[in-house]
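In: Need coordinates for the below:
(chains A and B)
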Amino acid sequence: MSVIVLVEHTEGSIKKKSLEAVQYATSIAQKTGTTVSAIVLGTLPNDEMENLGQYGAHKVLNVPDARLNELHPRAYTTALLTAAQQEASKIIIMLHDINGRAVAPRVAGKLKAGLVAGALSYPDLDKGFVIKKAVFSGKAFAHVNITSDVKVITLIPNTFQLNKGEGKASIEKLDVNFSDNDFGITVKEVNKIKGEIPLADAQLVVSGGRGLKGPENWGILEDLAKELGAATACSRPVADAHWRPHHEHVGQTGGTVRPDLYIAVGISGAIQHLAGVNGSKNIVVINKDPEAPFFKAANYGVVGDALEVLPKLTEAVKKFRQNHK
Amino acid sequence: MVSLFGRFRGGYMKILVCISQVPDTSTKIVLKDDNTAINNQGTTYIVNPYDEWYALVCALELKESGTASDIHLITVGKADVEPVIRKALALGGDEAIRIDADSNDPFQTATYIAEYAKSVSYDLILCGKESIDYNNGAVGAMLAGLLDIDYIGFATDIQINGSSVIVKREIEGGEETDACSLPVVIACQKGVAEARIPNMRGIMAARTRPLKAVTPVAVDPVTEILAYELPPAKAGIKLIEADNMDELVALLHTEAKVL
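Out: So this is what the prediction gives:
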């Protein structure tokens, strides 16, 4: 009856957001009187897996098949269904990220299980199994009740606080009967942009709009991002004009971010853009137009020209970093 | 087992494009009935941008290049979604299918589409990476599961090569190129195609393209939305002088605690 949680890893380490998922699973397991089985697909050092106990995992079910170090949605689904059956699990947890979003709906469909995609809260068990999620790209929230016996949840990263405890998870090998079809997708090429922080998981984001006047001015925005250790993003007009790559586009028809700090530079704050960023815990708006609608959604505002304010802010951050080493 | 999808021959490829109706992106969300429903009064509806701009236009490009022969559009909704399907047909597509049901539940929606798709044997099923109303992004992957075929999400480029497909897709911090055999479900985003604007000829032609309503199979939803809420208003902004960035940094450190 254990709660199962899919753990993502890269280059021999578990991703922080998967620790959040394990801890979320632990909280549900405690409330429902059961334990957590973490599913690790692919190869990972034993001590990494054992350390999942620090976040409440009782045991790790590992499928040490190196092919699983890459995403294969069908193989992942087969492994999770095997684990769910073995453990008689009713609750399956993944992340609302590129991997989780390819696997969770498939698992849910196979099990005729209700899915909450993009959970922002723990389930409210008093009213059924009710979880809050963003809808209309963040313009509203819905409280979704899962009515099926089996429940699948994907979590928004960087939403649930981590509390590291003590403990060591036991490791068991999970035997899975894969078919050739499970590996029907062949990975031909992987291009990682070196040193770039993935936007969806970033805790600090610096984002630029038309107020930066042209792609040649992005250097000063990148300077600030580098000083902060932040990811860079942009508004839709900027991506449409090819000033920046489209994966940086944040808003209702681009990506959604939920960082601790979102610094919007030269972005007016159209309703479509706000939809993609209003889950940010703190918003700083820098805009020369004091009437820019973004100021209404901001915690901190600076009225001024982006090209003048940005270097000053970068200097101030640099000074701060030197004094707080 | 005989494959449901075994009929693919180059140039005869059949594509199904999944279309969703969503409120226009400029819509301000208003709640009604003790927050248990969205007030739809005065809302303008559009084709979900990811479905229209990328999935549908990608299908049109494949037909224009002679790779595909038939493009079918499918949606789940009651008769009131037909104007939006006509908008999609104005861009192109040979016929449209409307599964005559209301559904807010991805499992229900995916089951309806899967049941229909099984009867036609599509070689390629395209959808947007998510709909901008409920943001589940679940129907594509679920549909692939129900049909027991492959799924590739967050696609930025699609090339058909005989009976296989080469897809570039977004991964964390980069891009990956995948290959797999048809049939496959692919969820599209920016890069797959360039958005188009319908012309008058297309709008006129859309009026006479076949649009059939199909009775849904019986399937119960597995989720229900009990209530909605709107984001809390920000407590008020602190303005900082442009010459005093040290103060901003100090506030981000001591008050916001993000530095």
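In: And the closest residue to A:Gly53 other than its chain neighbours, how close does it get to chain B?
Out: Once flanking residues are discounted, A:Gly53 sits nearest to A:Gly167: 3.4 Å by C-beta to C-beta, 6 or more residues apart in numbering or on different chains. Using the backbone N, CA and C atoms, a C-beta is placed for each residue, glycine as well. Separation of A:Gly167 from chain B (C-beta to the nearest C-beta, to the nearest Å) stands at 28 Å.
In: cool, and A:Asn163?
Out: A:Asn163 is 17 Å from chain B, by C-beta to the nearest C-beta.
In: A:Gln86 sits in which helix or strand?
Out: Using DSSP states H and E, A:Gln86 maps to helix A:73-87.
In: contacts for that helix?
Out: Defining contact as C-beta atoms under 8 Å, 6 or more residues apart in numbering or on different chains, one finds that helix A:73-87 is touched by A:1-2, A:4, A:6, A:37, A:39, A:41, A:61, A:63, A:67-68, A:89, A:92, A:99, A:102-103, A:106-107, A:110-111, A:150, A:174-179, A:181-185, B:141, B:144-145, B:150-151.
In: One more pass at 6 Å, please.
Out: Contacting residues not belonging to helix A:73-87 are listed as A:2, A:4, A:37, A:39, A:41, A:61, A:63, A:102-103, A:106-107, A:174, A:176, A:178, A:182-183, B:151 [C-beta atoms under 6 Å, 6 or more residues apart in numbering or on different chains].
In: Equivalent analysis for stretch A:103-116, please.
Out: Stretch A:103-116 is contacted by residues A:73, A:76-77, A:80, A:94, A:131, A:133, A:144, A:146, A:148, A:150-154, B:110, B:138, B:141-142, B:145-146, B:222-223 when judged by C-beta under 6 Å, 6+ apart.
In: List the ones among these that fall in strands.
Out: Counting by DSSP state E, the contacts of stretch A:103-116 place A:94, A:131, A:133, A:144, A:146, A:151-154, B:223 in strands.
In: Tell me how far the residue nearest to A:Asp182 when sequence neighbours are not counted lies from A:Asn69.
Out: In this structure, A:Asp182 finds its nearest non-sequential neighbour in A:Ala75, 3.8 Å apart by C-beta to C-beta, 6+ apart. A:Ala75 is 11 Å from A:Asn69, where distance means C-beta to C-beta, to the nearest Å.
In: Comparing these two, which residue is more hemmed in?
Out: A:Ala75 (24 against 15; other C-beta atoms under 10 Å in any protein chain shown).
In: so where does B:Ile97 fall, helix or strand?
Out: With DSSP H and E as the test, B:Ile97 turns up in strand B:95-99.
In: partners of that strand in the sheet?
Out: Strands adjacent to strand B:95-99 in the sheet, as given by DSSP bridges, are strand B:68-76 (parallel), strand B:211-214 (parallel).
In: Can you tell me which of those is most buried?
Out: The highest average neighbour count among the strands paired with strand B:95-99, using mean count of other C-beta atoms under 10 Å in any protein chain shown, belongs to strand B:68-76 at a mean of 22.
In: Show residues contacting it.
Out: Counting by C-beta under 6 Å, 6+ apart, B:12-19, B:59, B:62-63, B:81, B:85, B:88, B:93-99, B:101, B:103, B:109, B:112-113 sit against strand B:68-76.
In: among these, which are in strands?
Out: Members of the contacts of strand B:68-76 lying in strands (criterion: DSSP E): B:13-18, B:95-99.
In: Tell me the one of those nearest chain A?
Out: B:Cys18 (13.2 Å; C-beta to the nearest C-beta).
In: and the residue nearest to the closest one when sequence neighbours are not counted, helix, strand or coil?
Out: Leaving aside its sequence neighbours, B:Cys18 sits nearest to B:Cys127 (C-beta to C-beta, 6+ apart; 3.9 Å). Assigned by DSSP: H, G, I helix; E, B strand; the rest coil, the conformation of B:Cys127 is strand.
In: Around chain B, pick out the residues from the stretch 151-300 of chain A.
Out: When proximity is defined by C-beta under 6 Å from any C-beta of the partner chain, the stretch 151-300 of chain A lies next to chain B at A:184-193, A:196, A:198, A:246, A:252-253, A:260-261, A:271-272, A:278, A:282, A:295, A:297-298, A:300.
In: what residues are up against A:Lys188?
Out: B:177, B:179 are the contacts of A:Lys188 under C-beta under 6 Å, 6+ apart.
In: Check which element follows the helix or strand encompassing it along the chain.
Out: For A:Lys188, the host element (DSSP H and E) is strand A:186-192. Note on strand A:186-192: by DSSP H and E, the next helix or strand toward the C-terminus is strand A:204-208.
In: Strand A:151-155 and the helix holding A:Gln86, what's the angle between them?
Out: Put simply, helix A:73-87 runs at 130 degrees to strand A:151-155, going by axes from the mean of the first three to the mean of the last three C-alpha atoms, to 10 degrees.
In: Quick one: the helices in the stretch 1-150 of chain B, in order.
Out: All helices of the stretch 1-150 of chain B, identified by DSSP state H, counting those that start in this stretch, fall at B:49, B:57-64, B:82-91, B:106-120, B:139-147.
In: Kindly report the same for chain A.
Out: A:16-31, A:46-50, A:73-87, A:98-111, A:218-228, A:236-240, A:271-277, A:306-323 (DSSP state H).
In: so which of those is the most packed in?
Out: Of all the helices of chain A, helix A:98-111 has the most neighbours on average by mean count of other C-beta under 10 Å, namely a mean of 27.
In: okay, now the domains of chain A?
Out: As assigned by automatic domain parsing, chain A contains the domains A:3-183, A:199-323.
In: Now tabulate those in JSON lines and tack on distance to B:Met245 and mean pLDDT.
Out: JSON lines is the format used below for the domains of chain A (distance: least, C-beta to C-beta, whole Å; pLDDT from 0 to 100):
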{"stretch": "domain A:3-183", "distance to B:Met245": "26", "mean pLDDT": "97"}
{"stretch": "domain A:199-323", "distance to B:Met245": "4", "mean pLDDT": "95"}
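In: Touching, B:Cys58 and B:Val192? I think so.
Out: Yes: using C-beta atoms under 6 Å, B:Cys58 is in contact with B:Val192, at 4.8 Å.
In: residues bridging contact with the two, i.e. touching both?
Out: Here B:Cys58 and B:Val192 have B:Ile158 as joint contacts, going by C-beta under 6 Å, 6+ apart.
In: more neighbours, these two?
Out: Ranked by neighbour count (other C-beta under 10 Å), B:Cys58 and B:Val192 place B:Val192 first, with 25 against 22.
In: who's in contact with the more buried one?
Out: Each residue near B:Val192 by C-beta under 6 Å, 6+ apart is listed here: B:54, B:58, B:155, B:158.
In: Walk me through the regions of chain B where pLDDT falls short of the threshold, as ranges.
Out: Applying pLDDT under 70 to chain B flags residues B:1-11.
In: The longest strand anywhere in it - which strands sit beside it in the sheet, and in what orientation?
Out: Longest strand of chain B, by residue count under DSSP E: strand B:150-161. Within its sheet, and counting by DSSP bridges, strand B:150-161 is paired with strand B:164-171 (antiparallel), strand B:184-188 (parallel).
In: Which helix or strand lies directly C-terminal to the longest one?
Out: The element immediately downstream of strand B:164-171 (helix or strand, assigned by DSSP H and E) is strand B:174-181.
In: try the shortest one
Out: Using DSSP H and E, the helix or strand that follows strand B:184-188 in sequence is helix B:200-208.
In: What helices and strands are in contact with that next one?
Out: In terms of contacts (3 or more C-beta pairs under 6 Å, 6 or more residues apart in numbering or on different chains; DSSP states H and E), helix B:200-208 is packed against helix B:82-91.
In: Please work out how many residues are found near the closest residue to A:Glu222 other than its chain neighbours.
Out: Spatial nearest neighbour of A:Glu222, excluding adjacent residues (C-beta to C-beta, 6+ apart): A:Thr232 at 6.3 Å. Under the neighbour criterion other C-beta under 10 Å, A:Thr232 is assigned a count of 21.
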